[in-house]
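Undergrad: Let me see the structure of the following:
(one chain, ligands or ions: 1)
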Amino acid sequence: MSIVNFSEIPIENTEEGISDEFELFARDFLESYGFKTIAGPDRGSDLGRDLIVEEQLEGVVNHQKFRWLVSCKHYTKSGKSVGINDENDIQDRVQTHDCQGFLGFYSTIPSNSLKRKLEGFDSIEFEIFDKERISQYLFRSADGIKLFERYLPDSFRKYNTENPRPSNIYEKEFELRCDHCGKNLLEIGDGVLAFCEEDNFVEEIYTACKGKCDRVLQNHIKEKGLSDHWDQLSNLKRPLGFLRWALKLHDHTLSKYDLNESSKKKLKSVVAGYFQQVSRNQTNQERKRDGQPSSLEAI
Ligand SMILES: [Zn+2]
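TA: Just a heads-up that it's a prediction; the model follows:
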């Protein structure tokens with residue numbers, strides 16, 4: 001099933017396909033997309049159009065206004081496509097309302113026969129916003145996200161769970177740098193966290209990209225006569241992966257080793273940085289991998 005479930009937008013009228021709320025959504029969507037509303041939506045009217053919107057066409061010399069007659073069809077209940085019989089007298093309706101184009105705004109898809117009919121018109125342009133095209137805009141643009149949250153809150157919640165963003169607990173996004181090249185490891189999503197110690201005293205903690213950066217830092221550590229053990233940072237990006245790491249840190253590492261001040265500070269920045277990434281729900285994939293423990297013992 002698609003991420004965006006348009007059936008969240010209610011069908012208030014008895015006739016399927018007609019919905020005041022869906023027309024308001026279409027108006028706000030098209031305005032957000034850059035059109036200007038000229039008319040509608042009007043409650044209960046049957047004027048052969050749901051909305052009229054205008055587009056400003058900017059040429060090198062000429063600036064023209066282009067008017068679209070908008071037809072909204074909300075067929076999520078049956079899931080049927082919008083066919084020829086659902087869109088009567090298209091050319092007449094466009095001309096009656098002094099428009100130059102026809103714009104179908106559909107929560108399903110247009111049928112092939114309707115598309116062929118529209119392609120056959122010489123005198124008018126057409127555009128179709130079907131469920132895929134609408135959905136793409138909703139989660140690919142900052143303005144679209146606002147509409148998504150407002151009109152389709154359940155879908156939005158699910159989308160957010162599956163596409164996690166760092167939480168807003170800090171004023172801005174925390175960064176955790178590779179101690180060799182300076183790249184933000186929280187953005188990369190992987191790397192190593194190395195504890196470098198001698199006689200159970202941690203002299204240094206570093207974070208680094210896997211591979212070359214880690215090897216360079218490891219060589220420095222060996223030159224200093226320190227030994228190291230390390231954790232994979234990719235595990236800390238998942239809520240339960242982070243918790244398991246934090247508990248291991250508490251139960252094992254911190255009870256076995258003493259840390260100098262700079263190592264304590266580095267460790268705090270790792271905890272703070274990853275906490276922002278994991279203070280959220282688990283995605284489905286994460287839940288399959290890490291489970292959903294029912295008790296402290298099960299973590
Ligand atoms: Zn690096």
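
Undergrad: and the most centrally placed residue in the chain, what does it touch?
TA: Centroid check for the chain by CA atoms, centre = their mean gives residue 139 as the closest residue, at 5.0 Å. Residue 139 makes contact with 3-4, 145, 148, 159, 163 under the criterion CB atoms under 8 Å, 6 or more residues apart in numbering. Every residue, glycine included, has its C-beta placed from N, CA and C.

Undergrad: change it to 10 Å
TA: Residue 139 makes contact with 3-4, 145, 148, 155-156, 159-160, 163 under the criterion CB atoms under 10 Å, 6 or more residues apart in numbering.

Undergrad: Check residue 34 too.
TA: Counting by CB under 10 Å, 6+ apart, residue 34 touches 53, 55-56, 143.

Undergrad: Show me which of the contacts of residue 139 are buried.
TA: Using 16 or more other CB atoms under 10 Å as the burial test, the contacts of residue 139 include 4, 145, 148, 155-156, 159-160 as buried.

Undergrad: So which of those residues are in helices?
TA: 145, 148, 155-156, 159-160 (DSSP state H).

Undergrad: ok, which pair from these is furthest apart?
TA: Maximum pairwise distance among these (CB to CB): 11.8 Å, between 145 and 155.

Undergrad: export the ones in helices among the buried ones among the contacts of residue 139 to a markdown table and tack on pLDDT and distance to the ion?
TA: Formatted as a markdown table, these follow (pLDDT from 0 to 100; distance: CB to the ion, whole Å):
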| residue | pLDDT | distance to the ion |
| --- | --- | --- |
| 145 | 91 | 32 |
| 148 | 94 | 36 |
| 155 | 94 | 38 |
| 156 | 93 | 36 |
| 159 | 90 | 32 |
| 160 | 87 | 30 |
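
Undergrad: give me every residue that touches residue 274.
TA: 166, 174, 176, 185-186, 193, 233, 235-239, 241-242, 245-246.

Undergrad: Show me which of the residues you listed has the smallest pLDDT value.
TA: Minimum pLDDT across the contacts of residue 274 is recorded for residue 166, with 90.

Undergrad: what about that residue, helix or strand, and which?
TA: Using DSSP states H and E, residue 166 sits in no helix or strand.

Undergrad: before we move on, what about residue 219?
TA: Assigned by DSSP H and E, residue 219 belongs to helix 212-223.

Undergrad: quick one: is that helix near the ion?
TA: Yes. Using CB under 5 Å from the ion, helix 212-223 reaches the ion at residue 213.

Undergrad: Next, the buried residues of the helix or strand just after that helix.
TA: Using DSSP H and E, the helix or strand that follows helix 212-223 in sequence is strand 227-232. Going by neighbour count (16+ other CB under 10 Å), the buried part of strand 227-232 is 228, 230-231.

Undergrad: Perfect, I'm done here.
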